[in-house]
Structures are given as structure tokens and as C-alpha cells.
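>>> Just need the structure, nothing else, for what follows:
(chains A and B)
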Amino acid sequence: MTKKFFITTAIDYVNGRPHVGHAFEKILADALARWKKIEGKEVFLLTGTDENAQKNAQVAKEKGVPIQKFVDQNSKIFIELCKILDVNFDRFIRTTEAEHKKLCQDIFKKVYDKGEIYKGKYEGYYCTGCEAFITEKDLVEGKCPEHNKEPEWISEDSYFFDLSKYKRELIDFIEKGYIVPETRRNEILSRLKNEELKDLCVSRSNLDWGIDNPIDPKFKIYVWFDALLNYVSGANGNWPADVHIVGKGINWFHSVIWPAILISAGYKLPKTLLVHGYLNLGGKKIGKSLGNTIDPIDLAKKYGADPVRYSLLKCSVFEDSDYSEDILIERNNNELANKLGNLVSRIASLIEKYGLEKTENSLLKKLKLKSIEKHMQNFEVDKALNEIFAFVDICNEYVQNKKPWETHDKKVLYEIADSIRIIAILLWPFIPSTSEKIGKQFGFKKFLLSEIEKPLSPSNIKKGELLFKKIEL
RNA sequence: AGCGGGGUAGAGCAGCCUGGAGUGCUCGCAAGGCUCAUAACCUUGAGGUCGUGUGGUUCAAAUCCCACCCCCGCUACCA
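Numbers count the residues shown, from 1 in each chain, chains lettered A, B, ... in the order given. This next block holds a predicted model:
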């Protein structure tokens, strides 16, 4: 079996409902996966949920639900999110799966046997209010700011991973270009070069939830050691990953800790880490406490998958960007309905009346395909979409100038119809169900870049239903 | 504090690396055109001291250098 192009998303905590940030990452991953597909490649897309975290156990306890039942329920919501947004994953991994747990323990043991996990003392300030260690600089006047309590100094046995050993190797690996974009790469490199790299504590005590430490059953495995390994246990033979897609908040874990674990355990390293920015809602950070969350499942139910997908994919991948329901509506109305939907609608209507005559498509040379491909290569999805929609504009101008409603010129209509076919192919990764509708209406089935130059066979085209409805504000 | 990113028309951006008239994009606003189409589409126009410095380099600076102001991010076991 040949290895497929392997894309991952981060796996999500299931202690709450998904927000638009989760949706953004999954849609981005799906769009990149589908783009690879129209390039003719075989793709494997992995996503899933991170279920062994103590936070999940905490929230379950607060709600009075048995932990396993709680994570089962919430994991389903993340699967529902994918389904409703047409995120076509090939594997949905849950870190509570037996296979994953076994792999985790095997790797933990392997690294331990190699001598790169060792027993030591974990020392630090422990706040009994938080039930967690807190760092010295988080203290306010020597007290935990949240509980206004003086923390205890605790020293306890722990297992450590020999992360510091890999400093040089990590720098070399990252300098070869693992992290995208460059600014995130520089952030990590400067920290690696300028700060001390400490060993990583990979065990936790006093927990009743998580994967058992195979060396010492009094401990659980640190949840990040466990979570990162989902990429291997869920790979179905496709490791190493070609692209890991993660948010900027977990860059360190994926840039430093993850490659180090892999080197130590004797695995190949992933090719690219794509670090995306966050979405702000109305200029504010997404947060439950702010009460400004939009439920992406509700959005999809209300407006359909494609307007949600499109409006999110128009956000900048690398920078933080603003998102809101108003932005969704604006992009739906102005770009999807007015430009694309209306073009298809007016042309289908004209063809129904006057018919088609095959000819060379003179518009094709105005399509900046190379530029679109380059943007996709660089993960600049928003810019690729701009370029595709620039071609939609060119089509609308052409209709305007050629006035086929007066001339009844079947050749002009053919050129536009063929251009619409090309647009549908290019947009399939982003708004797949719309593209497929256009395919049905215009009589073509293949969504591949290699089909672009193959002319449309004229068929019986009818006006049909509107692709996008306008949303009233 | 350290490191990084940003400050360009009413809003959001691109342009900066590799200097050449403030060029461009998405929207908003104004006027006109068209009537095939989802009151859609097309054309034109108004609107900018390109954060500040009457700073440096240059024939020429949004672009390179310096200083300052403002915003934002990252700072490891907390996703």
C-alpha cells in the first residue's frame, strides 16, 4: 500500500461544546485535503478528540455524569460538527480507544527502557484551591491570584522525559522549515536558542482518569505525551504526517515536545506544522466567560455548510482574524449569492433559452491557475479564494460586454458555461456541495485539476434552483 | 521585561524583502449603464499627511536605516 498524503488536525478537549475556532481548523484541514484530491493525490485526513485530560474528568464530575459516558456524549458532538460541515475525515480517533492506550504505553516503556525517561523529583508551588502546580511568576504577592491563598511548596516523585538532550537536533530540524509560517518558526527558534530547555515531566499522580504509566501504576501518563501520539496511533499506516494543522497556542508542544518524543521513540518526523491564528468574535477573544460564542453546528443548520465553510476560509490562516455571524452573512450575500450564484443563474437561464455551441474558451487564459496553486501550496487559502473569485468577476464582465441576451450567441454562452465548470472544480475543496450541484446542472462529474483543459460537453442545461439564498439582516 | 507581528481611504486587507508618481483588492458611499440574472451584473467617481519625527540614506522612501508612540501575540508542563 502506498502512503497517502496525511493531514491531521489537533484533537479537541471534550469538556465543552465546539466553537467556531474548532470548526475553522477542521474546515481548513478538509479544504487542504480536498485540494490534494483535485490534484489527483490520495489523502488521509485524521481528526479526533482528546479524552484523557483531567479537565474532562473535572467537568464530568461537576455535571454528575460518569466520565466515560460524558466523553462518549461529547465526542459525538465533535463528530456531528464534522458531518454537518462536510468535513470528510478518514479516521476519527478518540484517545480513550484501547489501541491508542496500548501504543502510548508501549512508546512510554520503549523510551523508558532507552533511559530517556527517568524518575526524579517534581518541585513547585501547589495551590490546593486549583489542585494544580502554579509557576512562580503567576503568583501575586506570593499568593495564588485566583484563590488568594499561599501555595505549598511540594516535592514529589515524578517521571521526566530527557527533552534537553534534543535541543540541538530540534533546532536543526526546525531550521529546515518544519514550522509554517516563518514568524511562528522564529518564535520557537528564539526560545530554543535563548532559553534553557528543561526536561519534561511526563507523569501525574493522584489522578483517577488517564492512561496508566506502564512502569509505575501509581502514576498516569501526562496527557500531552498521550495526546500527541494520536497522530501515530490514528495513522493507519500513513505515518509520517505531511501536515499537522494546529492553533498557535499549542505550537510549542508540536514544535518541540512532539519531534523529541518521535526521535526518542524511533519514529520518522512529520514534514510540516501549519500553525494558524485564532478567530476573534467582534474583536474579542472567543471565550465562554465572555458569552460571545457562536455555535458552529447551529450556524450550519441555519445557513448550510457551504456559507459557513466559505466565510471561515476567507479568514486569514496565519493572522488572527475577526469573525461573526454578520461577516458570514455579508460574505454569503455579496460573494456567494451575488457573484457566483447569480452568474450561474443568469447563464443557465440564457442557455435554457438559446442553447450552446462548442468553441474555444477564450476566458481560460485569464485564469491565474499558477497563482492559485502557489497560494494553496503556501496554505494561503484566503488568497486562493480571492484569485478564484477574481475569475468569477471576469466572467460577469464578459457576459456584460458580450450581451448574449441580445445576440443569442451560443458560443459566448459556451465559453461562460465552460468557465463555470472550471470554477466549480476549483471551488470543490472549499464548497463541495455547491460545486457538485453545479456539476449536475451543467453535466460534468470530475473534480480534478487535470480536467480543467478538457472542454465541457454541451448538455441539456436548465435554470434550476438558486445555489445560495440571500440572508436578511 | 525579553522575543515576534502589526499601525495604508469610513471598515477589513494586499503592496514593503528586490525603493521609482499612493498602486491594488473585498465591502461601504455617490452617479450612470444594463434588464439575461438572486433589487443581481457592468462602468465611473468621491474619500488617504501610507502611526509620529519639517530624522537619516537616496535623484527618488509606504518600501531601506534610526528614534519615539500605540495595538496585538508568544514566554514551556496551563490546549
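>>> Mind listing the residues bridging to A:D322?
Each beta-bridge partner of A:D322 is listed here, defined by DSSP bridges: A:N280.
>>> gap between it and A:E330?
A:D322 sits 12 Å away from A:E330, taking C-beta to C-beta, to the nearest Å as the criterion. C-beta here means a position set from N, CA and C on the backbone, and glycine is covered the same way.
>>> How about A:N206?
The gap separating A:N206 from A:E330 is 51 Å, by C-beta to C-beta.
>>> Could you do A:P429 as well?
When C-beta to C-beta is the yardstick, A:P429 and A:E330 sit 22 Å from each other.
>>> quick one, which of those two is more surrounded?
Each of A:P429 and A:E330 had its neighbours counted (other C-beta atoms under 10 Å), and the higher figure belongs to A:P429 (25 against 14).
>>> what's the helix or strand for the nearest residue to the more buried one once chain neighbours are set aside?
With C-beta to C-beta, 6 or more residues apart in numbering as the measure, A:R34 is the residue that lies nearest to A:P429, at 3.5 Å, once sequence neighbours are left out. Under the assignment given by DSSP states H and E, the secondary-structure element containing A:R34 is helix A:20-38.
>>> Give me the contact status of that helix with RNA strand B.
Yes. Contact between helix A:20-38 and RNA strand B is present through A:G21 (criterion: C-beta under 7 Å from any atom of the strand).
>>> next SSE after that helix?
Heading towards the C-terminus - elements assigned by DSSP H and E - helix A:20-38 is followed by strand A:43-50.
>>> Okay, now the sheet partners of that next one, with direction.
For strand A:43-50, using DSSP bridges, the partner strands are strand A:5-9 (parallel), strand A:12-13 (parallel), strand A:91-94 (parallel).
>>> what's the most buried one of those strands?
Mean neighbour counts were compared across these using mean count of other C-beta atoms under 10 Å; the top stretch is strand A:5-9, at a mean of 25.
>>> residues contacting A:N460?
By C-beta atoms under 8 Å, 6 or more residues apart in numbering, A:N460 lies in contact with A:G443.
>>> neighbours of the closest residue to A:D50 other than its chain neighbours, just the number please.
For A:D50, the nearest residue in space outside its immediate sequence neighbours is A:I11; the separation is 4.3 Å by C-beta to C-beta, 6+ apart. Other residues near A:I11 come to 22 when the count uses other C-beta under 10 Å.
>>> Distance from the helix holding A:R34 to the middle of the chain?
The gap between the average C-alpha position of helix A:20-38 and the chain average comes to 5 Å, counting by C-alpha atoms, centre = their mean, to the nearest Å.
>>> which regions of the stretch 351-473 of chain A lie under the pLDDT threshold?
Across the stretch 351-473 of chain A, residues meeting the criterion (pLDDT under 70) sit at A:473.
>>> Would you mind listing what in it touches RNA strand B?
Counting by C-beta under 7 Å from any atom of the strand, the residues of the stretch 351-473 of chain A that sit close to RNA strand B are A:386, A:389-390, A:393, A:396-397, A:399-401, A:403-406, A:466-470.
>>> Try it again at 10 Å.
A:351-354, A:380, A:382-383, A:386-387, A:389-390, A:392-406, A:408, A:413, A:416, A:434, A:463-471 (C-beta under 10 Å from any atom of the strand).
>>> In contact with the nearest residue to A:I215 once chain neighbours are set aside, which residues?
Closest residue in space to A:I215, ignoring its immediate chain neighbours: A:Y112 at 5.4 Å, by C-beta to C-beta, 6+ apart. Taking C-beta under 8 Å, 6+ apart, we find A:Y112 in contact with A:159, A:214-215.
>>> Measure how buried the residue nearest to A:P429 is and give me the count.
Under the neighbour criterion other C-beta under 10 Å, A:R34 is assigned a count of 21.
>>> contacting residues for it?
A:R34 makes contacts with A:43, A:88, A:428-430, A:432, as judged by C-beta under 8 Å, 6+ apart.
>>> contacting residues around A:N15?
Residues in contact with A:N15 (C-beta under 8 Å, 6+ apart) are A:53, A:55-56, A:58-59, A:74.
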